[in-house]
Structures are given as structure tokens and as C-alpha cells.
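S.K.: curious how this folds, go ahead:
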Amino acid sequence: MSKKLNVGILGATGYTGVELVRIFAKHPQVSIAFVSSQSYAGQKLSDVFPLVKGTCDKVLLAPDKTVDVPVDCVFSCLPHATSAGLLLPFINNLVKVIDLSADFRIKNPEEYTAWYKTEHPCPELLKDAVFGLCEHYRSEIAGARIVANPGCYSSSIMLPLLPLFKDKDTTISLVIADSKSGVTGAGRSLKLTSHFVEVHENFSAYSIGHTHRHIAEIEQEFSKACGKPVTITFSPHLLPTNRGILSTIYLVTNRTAAQCLAIVKKAYSNEPFVRMREPSDLPSIAGVAHTNFCDITFAGGEKGQPVIAVAALDNLVKGASGQAVQNMNIMFGFPETTGLL
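M.R.: Numbers count the residues shown, from 1 in each chain. Below is the predicted model:
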């Protein structure tokens, strides 16, 4: 493509929106056509986020003022239940969209309603949406008009385990995912639990049991991979850090840790953003922060104990905006690493 791709960002004043702007600043094939915000409409994005001064000084438009702006692709960083409705005019105008909310991730509208406590605004489009985990759905993403970007926790759990669920000789009878995230994973909206004095020098669990909404997409994709229903136990925790996710996942499986490592390593042998680590070199948040990499290894499993998968990624990059750009690169035929390395 000779001319630059014109992209729009709905919800540009959230953490994932600003992360997209940061990535696009070094993407040679992209021009930002609009940035939007309901709360900050009329102000420059760079006045709201001085971090992007000189990079993106565009005036923020109200979402309803963006529909007539000529674009090739729109990214939505809006909350669930809001996102799909505001993307609908672009979809109807044949603009390709990448949704960072959960609105197009769950294929069954009844499941969506059960988890998100609201009716889906356009259930008829769910069949057209592709789940945007690049390493597993690349060919479908290439021809998609709607891509549902996976959740951040979901990516850190699915990337290490999906190759095992797809392997016909591997059985997994139990998955317990213990995941820790930086505070940006909670979004930029004010919440008591994410105030500095609540998080600083603290470490806490939340949504324990079968309650965290990312469970829906994880179980959906695991069940699809192995052809039978899969349930998991997922315990998320809040770290007193800005960004990053570390997932420690316990598996009851017929495989040893070494066999799991070999299967997953083979599955990702040509993937630019998945790095396999040795058990003696465990993944860490510091090792992936501000990158689009996911680092993975397997350990444990001795004397009948569970195999332990460890995965780390940046929740704002590989867990959100970086993966969204990776999806865009696939959709428009750019080298997958463009703007991300």
C-alpha cells in the first residue's frame, strides 16, 4: 500500500488509546485521522496527555462527530456495551474495525449478557467478528472486517496453553491460573481500589472464583481448540505497579513440563512476538514491559505434581494496543512487526 492508512481512535484518552498513539508515532504506514473522547472533546490530546506533545496534537472529537471522517480502520478503546454501538456506523460504512473492548469476543449473545449484564447492541454481527489472537487466527484476521482484540489476562493464559489444547495427544484435566496485573489494567476511570494509597505497598486478589469476565473468552477458546467444554479456575491479583502481567498457571496433564515446553516451542517457532524461555530463566514483567513480546516457559511436574506454565506480557501492549496494531498489520498486509519492533 503506497498511501498511508488513515486510522481513527475512539476513546483516545484511556491508557490503551494513548498507547496506540505512541505506537503509531513509529509506524511508517499509518496516519491518525481522528482521536475521540466524550469527556475531553474540544481539547487537544496533547493537553490531556503531555506525553504525546508534538506526536499527536489533534483536537479530540466527540464520538458522534467522528463518523464522517474518512478512515480505513477504526480502533475502539471504549468500555464494553458502549464500544459496539459506536463502532456500528463505521462497520455499516465498510470500515474495518478493531475493538479492544469485550463486545465482539463472545460468540454467544446469551453468554455475553450473562457475563456483562446487558443485552448485546448488535448480536447479528458476532458471527462476522474474528477473535484477534494473532498467533492462532492469523488467516481469519487477514480477511476480517471486525476483529475482537483479546483481553490482557486472557492473552497471558491462552498463549501458553492453546497449543496444548490443540494437541490431540495432550490431555489437560485441570487449569488453575494465578495472574497478577499492574494497575493500568483497571483502566483510567476513578475507582477507590486503584487509588494510590490503596495500591501502594499493597497486593490484593479480586474477582476470585468463577467471576472475572475474561473467563468467558478463555473458556470459549480452549473449548474450541480441543472440541469439548473446558472450565478453568482463575484468580486475578492487583500489583502495585503501573503495567505488566505475570501469569502462573497450574496444569494437571499427561505431559511433563519438558514435553509441554517442546510442544509450545514448536507451535511458536516462527512467531515474532512469542519468546520461549528455559525453566532456569523464568519470565518476568521487567523483561517484557513496553514491548509486544510474551515470554513463556514450563516447569514443575515432578512426582505427580502439576506442571507449571509461566507467562509474562505488558498488559497495555501485547495485552491490548500492541496486539491491536499487530492485528491491523495482518488485516492490511503490512509486515506483522511494523511499528512494534
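S.K.: in this protein, which spans are helices?
M.R.: Assigned by DSSP state H, the helices in the chain fall at 15-24, 45-48, 83-92, 109-116, 134-142, 152-166, 196-199, 214-226, 257-267, 322-331.
S.K.: can you show me the strands along the stretch 1-150 of the chain?
M.R.: Applying DSSP state E, counting those that start in this stretch to the stretch 1-150 of the chain gives strands spanning 5-10, 30-35, 73-76, 96-99, 129-131, 146-148.
S.K.: same list, these, but as JSON lines with distance to Gly54 and mean pLDDT please.
M.R.: Just so you know, the C-beta spots here come from the backbone N, C-alpha and C atoms, and that holds for glycine as well. JSON lines is the format used below for those (distance: least, CB to CB, whole Å; pLDDT from 0 to 100):
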{"stretch": "strand 5-10", "distance to Gly54": "17", "mean pLDDT": "98"}
{"stretch": "strand 30-35", "distance to Gly54": "13", "mean pLDDT": "98"}
{"stretch": "strand 73-76", "distance to Gly54": "21", "mean pLDDT": "98"}
{"stretch": "strand 96-99", "distance to Gly54": "26", "mean pLDDT": "98"}
{"stretch": "strand 129-131", "distance to Gly54": "35", "mean pLDDT": "98"}
{"stretch": "strand 146-148", "distance to Gly54": "30", "mean pLDDT": "98"}
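S.K.: just give me the neighbour total for Pro306.
M.R.: 16 (other CB atoms under 10 Å).
S.K.: need the nearest residue in space to it, chain neighbours excluded.
M.R.: In this structure, Pro306 finds its nearest non-sequential neighbour in Tyr250, 4.2 Å apart by CB to CB, 6 or more residues apart in numbering.
S.K.: spit out the contact partners of Tyr137.
M.R.: Residues in contact with Tyr137 (CB atoms under 8 Å, 6 or more residues apart in numbering) are Val130, Phe131.
S.K.: quick one: it from Asn327, how far?
M.R.: Look at Tyr137 and Asn327: by CB to CB, to the nearest Å, they are 9 Å apart.
S.K.: tell me where the stretch 201-341 of the chain has strands.
M.R.: 204-205, 233-238, 245-253, 274-276, 294-300, 307-313.
S.K.: so which of these gets nearest Glu19?
M.R.: When the strands of the stretch 201-341 of the chain are compared by CB to CB, strand 307-313 sits nearest Glu19, at 13.2 Å.
S.K.: then that closest one to CSV, C-alphas only?
M.R.: The C-alpha coordinates for strand 307-313 follow below in CSV (Å, rounded to 0.1, in the frame of the first residue of the first chain):
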residue,chain,number,x,y,z
VAL,A,307,3.1,-28.8,35.5
ILE,A,308,3.5,-25.0,35.9
ALA,A,309,3.3,-22.6,33.0
VAL,A,310,4.7,-19.1,33.5
ALA,A,311,3.9,-16.3,31.1
ALA,A,312,4.6,-12.5,31.2
LEU,A,313,3.4,-9.7,28.9
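S.K.: follow-up on the earlier one: need the winner for burial among the strands of the stretch 201-341 of the chain.
M.R.: Mean neighbour counts were compared across the strands of the stretch 201-341 of the chain using mean count of other CB atoms under 10 Å; the top stretch is strand 307-313, at a mean of 26.
S.K.: got the angle for it vs strand 294-300?
M.R.: Angular relation of strand 307-313 and strand 294-300 on a 0 to 180 degree scale: 160 degrees, by axes from the mean of the first three to the mean of the last three CA atoms, to 10 degrees.
S.K.: what stretches of this protein score poorly on pLDDT?
M.R.: Applying pLDDT under 70 to the predicted model, the residue ranges of the chain that meet it are 1-2, 186-194.
S.K.: got the domain ranges for it?
M.R.: With domains defined by automatic domain parsing, the chain comprises 5-150+319-331, 153-314.
S.K.: rewinding a little: show me what contacts the residue nearest to Pro306?
M.R.: The contact partners of Tyr250, taken as CB under 8 Å, 6+ apart, are Leu174, Val175, Ile176, Ala177, Asp178, Gly300, Pro306, Val307, Ile308.
S.K.: change it to 10 Å
M.R.: For Tyr250, the contacting residues are Leu174, Val175, Ile176, Ala177, Asp178, Thr233, Gly300, Gln305, Pro306, Val307, Ile308, Ala309, taking CB atoms under 10 Å, 6 or more residues apart in numbering as the criterion.
S.K.: same question, Phe131
M.R.: Neighbouring residues of Phe131 by CB under 10 Å, 6+ apart: 104-107, 137, 140-141, 144, 147-150, 154, 158, 217, 220-221, 224.
S.K.: can you check Ala142 too?
M.R.: For Ala142, the set of contacting residues under the criterion of CB under 10 Å, 6+ apart consists of Val130, Asn327, Ile330, Met331, Phe332, Gly333.
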